[in-house]
Structures are given as structure tokens and as C-alpha cells.
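K.L.:
Based on what follows, work out the 3D shape:
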Amino acid sequence: MSTKQDVGKYHISQRAGQLSPSGIRKFFDLLNSMEGVISLGVGEPDYTTPWHIREAAIKSLENGETMYTSNSGMPELRQELSRHLKSQYGISYHAEGELLITVGVSEALDLTMRAILDPGDEVIIPDPSFVAYKACVLLASGVPIMIPTYEQENFELNSRAIEERITKNTRAILIGYPSNPTGAVMPRGKLIEIASLAMKYKLLIISDEIYSHLVYGVEHICFPALPGMRDNTILLGGFSKAYAMTGWRIGYACAPTEIIAAMTKIHQYTMMCAPTMAQVAAIEALRFGENSSMEMVADYNRRRRVIVQGLRDIGLPCFEPTGAFYAFPSIKCTGMNSEEFAERLLTEEKVAVVPGSAFGECGEGYIRCCYATSLDDIKEALKRMKHFIEKYGIKK
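P.N.:
Numbering: from 1, shown residues only. Coordinates of the predicted model:
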């Protein structure tokens, strides 16, 4: 039987046809067509990139630094990143051969999957999780194996549930903590259990640590820094969240030489290199951006406390997030599903949130609220949400 998918007169590939449109972008596009909307939707800092970082990029443009860099990224950036990871987490990567600068962590994720997966290879992924995880596996002809996580277990991956789903086709376990969308942070003990599974079954760990700087009262554990994990982990990170640099599109991957070499070959034929001025800005961020980053994190923490308590006060039970900048309240008491709740809240009260179902089946019954916005907007959004809840009532 043919597996071709035809849309009108055009043939669309089976892989593209498998993909669902991003649930995040759907609501982002909707709110852009409306006035007076308070957005708790897109996961983007409301801060402007600190001036000294912008200034470094401006100077690079004024100096005419507009050419390609090395495919792997500027040597100065890779050296700074190597020093940063050693200082922060005690993990050593060689600037030559074990670090690749990418166009955002999204490209790093895509390159990882295309570099390590053959058709039919399986990747274990937590559910709920970032929307691109499953999509990138599918685009690389892999098979995503979703592992349910639950609020009563703090949305932490259960090693027993992982082991039950490991087969001869399992290639890797993909984790992303601090978590988008839940704000969960995995404790060291649980991560060590996953590390033990990786060693037992000879699996790779892909650790997306884009929110590593954004933790509140807990410790972020860098996965490859765990005993025996450096050479079994592909570490993904970037500058978007910690330094308010989303639009700069600058990320990185750290891994053993053979894996980075494979990723770099694909990178050569697709992106070539990350933008030069963005790489210059990233160097400045690593050298002098820590104070600005810490100030932003302290502010996010204040907002976190306000939104979590506010959601609970209006009748929406809310998991306590200890990382990233998302609250993930349950809306099950309303009797609506996540999509219906989010659409009605947007059209009737002009508050944009993302339905939890956009992040996987286990996200159904929840919404994601990003608190990387001003306290005034958070408080006004909570007032509108309270009115919305009272209008429809809550099923006890």
C-alpha cells in the first residue's frame, strides 16, 4: 500500500505529514491578531538582552566582522564555553572536537537525532515535555517512546517505567530538566538511577539543559558530570533563557568527538555556522553576563511565587515549579479539556496560555503559564482568570 500523502496537487513526505503543528505557535499566532492580550504563552524572557552583550555585537558589526566562522563556531567562544562548564559543573570538554556551536539549542537537538538515529531506532522521552522532542525524533526517522510522568511524582521520570520500555531498538533517553512545561527539576538520586540504566543497556543520554541557570532553592545537576556519564551523554544548552537572548539563536552541543564530528557534518550542509555577531554576543555573555543573569533569576523567582499562589487562590491546583519559568496548573476541576480552556480564556478574557496537551498526552488537564512577564501583567492575568473561573464554576 502506498504511504505517500498528497495535499492538493503536491506530494508531502510521510515524515512531514506525521507532524502536528506546534501547539505553542498556534496560540502565539492567535494572540498576535488580537489587541489587549496578556500573554502567559510563549516561553521567552520579557527582558531585553543586557546592553553590554548587545554592545559587543554592535562593535563586531562596526568592525566588519560579518564573515563565516568555523563550522564548529568561533574558537574563542568554544574556549569560553569550555571554561564555563568546568567552573559551573566541574565537567571538562575540549574546545576542539567536543564542542559545537549551533543555531539555537533547537538545531542542536535536530542535529543530535539525525547524527545518532537510523530508521526504527527508539528514543525514550518524558511526557509531558517540550514540543520539539518528539518531532525531531520523527524527522530523523526514529520512533519516540513516551514515558508518562505524573504530578503526584513531581513530574520526575521513573527509572522503572523507563526500563520496562527499553527494547533492542532503544538508542537513547532524552531528558530535559529543568522541565518545559512543568518546571520540575530532577534530583540527583533519580538522575543517578537513569545513569545506571544507560550504562546497563549501553544507551546514550541526551540532556537538554537550556534552563540550567533557572532554578529556585534547588540544585541543577549537569547530567554528564555524574559518575561515568561524560562519554555517554550529549549535553545541549544555549543562551536564550539565562541571558535573554532568544532572538540571537545561539546554542551548543557537547559530546564525545565521534558524535560531534557526525553532528558537524550535518551542520556543514545545513546551517554552515551560527551568526558571527551572535557568537560575539555569546562570548560577552559568558565573560561578563553572570550578574545580569542572577538578577533576572531573582526576579523570576518573585514572579513564580506570585503566580503559583495566585493560581491556587482562584481554585486551580498548581504544582510547585522549582526550575525554568513556567507554572503548570491543573484545570481538571473546570470540566474543560486543555484546548477548550485555553481557547475560551483567550477569546473571552484575553489571556493567552498554552494547553498542556500540546506537550503530550499526560499534559491533558493542565495549562502552561509562562511567568517571564511583568508582575503587573501576571496580577492582571490572574484577575481575568478568576473572573473566567467564576463565570463557569468549578466542579468539586
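K.L.:
mind giving me the domain split of this protein?
P.N.:
14-48+291-390, 51-288 (automatic domain parsing).
K.L.:
Straight-line length of the longest one, end to end?
P.N.:
So the one you mean is domain 51-288. 11 Å (Cα to Cα, to the nearest Å).
K.L.:
pLDDT on that domain, on average?
P.N.:
If you average the pLDDT over domain 51-288, you get 97.
K.L.:
which SSE is residue 144 in?
P.N.:
Here residue 144 sits within strand 143-148, counting by DSSP states H and E.
K.L.:
Give the other helices and strands that that strand contacts.
P.N.:
The contact analysis (3 or more Cβ pairs under 8 Å, 6 or more residues apart in numbering; DSSP states H and E) places strand 143-148 against strand 122-127, helix 131-139, helix 159-164. (Glycine included, C-beta is placed from N, CA and C.)
K.L.:
do that again at 10 Å, thanks
P.N.:
strand 122-127, helix 131-139, helix 159-164, strand 170-175 (3 or more Cβ pairs under 10 Å, 6 or more residues apart in numbering; DSSP states H and E).
K.L.:
the helices in the stretch 1-150 of the chain, which residues?
P.N.:
14-18, 23-32, 51-62, 75-89, 104-116, 131-139 (DSSP state H, counting those that start in this stretch).
K.L.:
How far off centre is the fourth one?
P.N.:
By that I understand helix 75-89. Distance, stretch centre to chain centre, for helix 75-89: 21 Å (Cα atoms, centre = their mean, to the nearest Å).
K.L.:
other SSEs contacting that helix?
P.N.:
strand 99-102, strand 233-238, strand 251-254, helix 276-288.
K.L.:
do that again at 7 Å, thanks
P.N.:
Helix 75-89 sits against strand 99-102, helix 276-288, with contacts defined as 3 or more Cβ pairs under 7 Å, 6 or more residues apart in numbering; DSSP states H and E.
K.L.:
tilt between it and strand 233-238?
P.N.:
Interaxial angle of helix 75-89 relative to strand 233-238 (axes from the mean of the first three to the mean of the last three Cα atoms, to 10 degrees): 110 degrees.
K.L.:
among the helices of the stretch 1-150 of the chain, which is nearest residue 384?
P.N.:
Nearest to residue 384, of all those, is helix 23-32, at 13.5 Å by Cβ to Cβ.
K.L.:
any idea which of the helices and strands packed on helix 75-89 is most buried?
P.N.:
Stretch with highest mean neighbour count among the helices and strands packed on helix 75-89: strand 99-102 (a mean of 26; mean count of other Cβ atoms under 10 Å).
K.L.:
which other residues reach the host helix or strand of residue 376?
P.N.:
Element membership of residue 376 [criterion: DSSP H and E] is helix 375-392. Helix 375-392 has contacts (Cβ atoms under 7 Å, 6 or more residues apart in numbering) with 38, 40, 303, 306-307, 310, 314-315, 334, 345, 348-351, 371.
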